[in-house]
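Q: Pasted the sequence and its predicted model underneath.
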Amino acid sequence: MENFIVSARKYRPQNFDSVIGQTSITNTLKNAMSKNQIAHAYLFCGPRGIGKTTCARIFAKTINCQNPGSNTEACNECESCKSFNESRSYNIHELDAASNNSVDDIRSLIDQVRVPPQVGKYSTYIIDEVHMLSASAFNAFLKTLEEPPAHAIFILATTEKHKILPTILSRCQIFDFNRIKSEDIVAHLAYVAKQENVNIEPESLNIIAQKADGAMRDALSIFDQMVSFSGKDILHKTVLENLNVLDYDYYFRLTKNFIQHDISSSLMIFDEILGKGFDGHNFINGLSNHFRDLLVCKDEVTLPLFEIGASVKDQYLEQTRNCPVEFLYKALDICSSADINFKSSKNQRLHVELTLLKLCMLTMPANETIEKKKIEKENKKEEKPEKEEQEKAEPQSKSPALVRNGKTKYKPSTPSIGRIINGKMSSATKQQDADQSQSLINKKKQEKQIEDFSREELMEKWLLFAEMMRKEKPRMATTLKASNPVIKDDFAIEIEMSNTAQEDDFNLMIKADLSNFLRQELKNDNIKIVTFIPEINKEKALYTDEDKYKYLSEKNPNINKLKQRLNLDFE
């Protein structure tokens, strides 16, 4: 039985032309070798699994090749290349900085650098994860890195360039490696699958490529995992289950529900997703990516940013026609906020459900709810028969409507001047005017709601408003909860204040909002809130910081300028 070799090692590139997704870097290195302009120190930066160490090894092999080709590639036939391929070359030294990060390790390396190679021209030292070196080790390495022996070449590799000292960066040629594109990963995975006689669908390859996030090594590791689970035939459903990836169909259905304001279906779909074991945070991230993909599909200029497979591309193009750009912008903003606040939420399921509710309400007209729409439709149905009866009873022409402040008022019809002068105004006309006046009075009474309410009902709405203000205005919420409102004549609600500063804050910050809230909830337009300070409190109350500041600012107005300039506030 042959020893199993993982795909990341088995299909590791052996020359620059086989390196995937780093064409600009490989061309630069090949040109440097062809022109004999090889630097003494290189720094390869970039995410994991994209070919940094691979390029370093190929570069080290090529510069010592005895018979390089016309395209500046290693021949893989000379003794130097064979020894490298068989891992017995003494000209290439690999060091892991994560486990050799002390000053003593670097000093040992410096002693080793002084020894020239026995075969070949260069000794190459590849230091992986170089950012793990300690500051003392970096300082010990500086002199050797700046002026190494002619036969020594250093290739440093790191995933976190910002952790490396600037003095090290200035001594190296820096190459920033890119994440590998999804289409390149898919093409390479298809090649590997063909070589291994594995049957896998293109959609599954796309999912593996997205899960790898631009890292070829991760993609090959996932591919090996799928082969171990499914054998030679890998199904799309199997890939979704093993990688814990949500199917695109869920996002398409949810977006359709958002456009149609279907809250119930959206919540049930989310419940189904949770039932399959998916995490709410991953769901929010997937939904954000879905909106992002819909947005880039809107314009042909941004279409190259779309990295989903061709099999679902038509579905995205079809759905993006039904999604306004403004909706996508707002949806992305809502999902981004939900992602940020997810971990701090105590009820994470409710947090996601509230996000879905907001998304369902996005495309509705401003300040309009579904219930309000239903009520308006019912009112229109009731008003139509009344208008028909009025038109039959009053065939004469009516004056145009007067529109003020969004309310429509009707001007009562007036008798002709001739009839008034001649005193011939008919009794029918008088009766008609009286009926119209009475109907206007009744209409005004109906428009103004005046319903009685108990103290228990008042306290229920009072505490509800205080709870609504708890996050935005916690100090005012505390004031409301500690207060004892009293119902007076004509539906006046009296509330006691401790001092003038508290009274001013109350009147300025929440009095108007509280009045409107109580009028709406208790269905009484005559409600008004009255504040007062007891005489005892006026005499004995301690001065607050605001009172002191107000008094001092009246004496010396320059205090206000000082506060604004230094951006001061009360603690």
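A: Alright, I've got the coordinates.
Q: What's the local residue count around Thr23?
A: For Thr23, the count of nearby residues is 12 (other CB atoms under 10 Å). Using the backbone N, CA and C atoms, a C-beta is placed for each residue, glycine as well.
Q: Please report how far it lies from Cys65.
A: 21 Å (CB to CB, to the nearest Å).
Q: With His290 instead?
A: Using CB to CB, His290 is found at 49 Å from Cys65.
Q: Could you tell me which ranges of the protein sit under the pLDDT cut-off?
A: In the predicted model of the chain, residues 1-2, 365-448, 536-544, 570-571 satisfy pLDDT under 70.
Q: Let's check: the centremost residue of it is which one?
A: By CA atoms, centre = their mean, the chain has its centre lying nearest to Ser336, at 1.9 Å.
Q: Which elements pack onto the host helix or strand of it?
A: Element membership of Ser336, judged by DSSP states H and E, is helix 325-341. Counting contacts by 3 or more CB pairs under 8 Å, 6 or more residues apart in numbering; DSSP states H and E, helix 325-341 is packed against helix 248-259, helix 280-296, helix 348-360.
Q: For those helices, please prepare JSON lines with the additional fields distance to Asp490 and mean neighbour count.
A: Formatted as JSON lines, the helices and strands packed on helix 325-341 follow (distance: least, CB to CB, whole Å; neighbours: other CB atoms under 10 Å):
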{"stretch": "helix 248-259", "distance to Asp490": "47", "mean neighbour count": "19"}
{"stretch": "helix 280-296", "distance to Asp490": "51", "mean neighbour count": "20"}
{"stretch": "helix 348-360", "distance to Asp490": "39", "mean neighbour count": "18"}
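Q: Let me see the contact set for Asn67.
A: 75, 77-78 (CB atoms under 8 Å, 6 or more residues apart in numbering).
Q: redo that, cut-off 6 Å
A: Shown in contact with Asn67 (CB atoms under 6 Å, 6 or more residues apart in numbering): 75, 78.
Q: Now name the helix or strand holding it.
A: Short version, using DSSP H and E: Asn67 is in no helix or strand.
Q: Phi and psi next, for it.
A: Backbone torsions of Asn67, given as degrees, to the nearest 10, read phi -130, psi 70.
Q: Make 44 the starting number, not 1.
A: Shifting the count to begin at 44 puts that one at Asn110.
Q: how about the nearest residue to Cys108, chain neighbours excluded?
A: Sequence neighbours aside, Ala117 is the residue nearest to Cys108 in space, at 4.3 Å (criterion: CB to CB, 6 or more residues apart in numbering).
Q: isn't there a helix covering Phe218?
A: No. Secondary structure of Phe218 (DSSP: H, G, I helix; E, B strand; the rest coil): strand, not part of a helix.
Q: What's opposite it in the beta bridge?
A: Assessed by DSSP bridges, Phe218 has beta-bridge partners Phe87.
Q: correct me, but it touches Ala84?
A: No. When contacts are counted by CB atoms under 6 Å, Phe218 is not listed as touching Ala84 (11.6 Å).
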